[in-house]
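[1] My questions are about this predicted structure, shown below with the sequence.
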Amino acid sequence: MAIDPTVVIIWLVVGAIVGWLSSQIAMGGGLGLVWDLIIGIVGAVIAGDVLPLLGFYTGGGFIAAIVNAVIGAVAFLVIARLCKLMLQPEKT
């Protein structure tokens with residue numbers, strides 16, 4: 001089964017937008033195009049897999065998918081920032 005290149009481009013654009021938006025919501029500014037893209041795509045995957053397991057449904061359609069992706073991306077970003085803080089050595 002081949003993936004249409006147009007679909008991949010749409011995923012990348014939506015992932016970048018969602019990643020940037022989650023960076024703004026979680027405060028701290030954007031992390032750059034590549035990291036915003038990664039956070040957006042991982043957030044969409046988290047939202048698509050984990051949120052329904054938790055009983056959280058926003059309905060169907062494009063807007064609902066964006067909302068889910070933003071929720072997942074914000075959650076991923078907060079967890080990533082917490083891990084970064086915990087793994088940093090204390091400055092003395």
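    Yep, it's here. Numbers count the residues shown, from 1 in each chain.
[2] Just the mean pLDDT for the strand or helix carrying Ile9, thanks.
    When secondary structure is defined using DSSP states H and E, the element that contains Ile9 is helix 5-25. When pLDDT is averaged over helix 5-25, the result is 77.
[3] what about the helices in the protein?
    Listed in chain order, the helices found in the chain under DSSP state H are 5-25, 33-53, 62-87.
[4] Now tabulate those in CSV and tack on mean neighbour count.
    For the C-beta atoms, the positions are set from N, CA and C on the backbone; glycine is no exception. CSV is the format used below for those (neighbours: other Cβ atoms under 10 Å):
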stretch, mean neighbour count
helix 5-25, 16
helix 33-53, 18
helix 62-87, 16
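[5] how many neighbours does the nearest residue to Ala64 once chain neighbours are set aside have?
    For Ala64, the nearest residue in space outside its immediate sequence neighbours is Thr58; the separation is 4.3 Å by Cβ to Cβ, 6 or more residues apart in numbering. Residues lying near Thr58 (other Cβ atoms under 10 Å) number 15.
[6] didn't Leu37 look like it was pressed against Val13?
    No: under the criterion of Cβ atoms under 8 Å, Leu37 makes no contact with Val13, lying 9.1 Å away.
[7] For the helix holding Ile9, enumerate the helices and strands it packs against.
    helix 33-53, helix 62-87 (3 or more Cβ pairs under 8 Å, 6 or more residues apart in numbering; DSSP states H and E).
[8] Backbone dihedrals for the residue nearest to Ala64, both of them.
    The phi and psi values for Thr58, taken as degrees, to the nearest 10, are phi -110, psi 0.
[9] Just the pLDDT at it, thanks.
    pLDDT recorded at Thr58 is 71.
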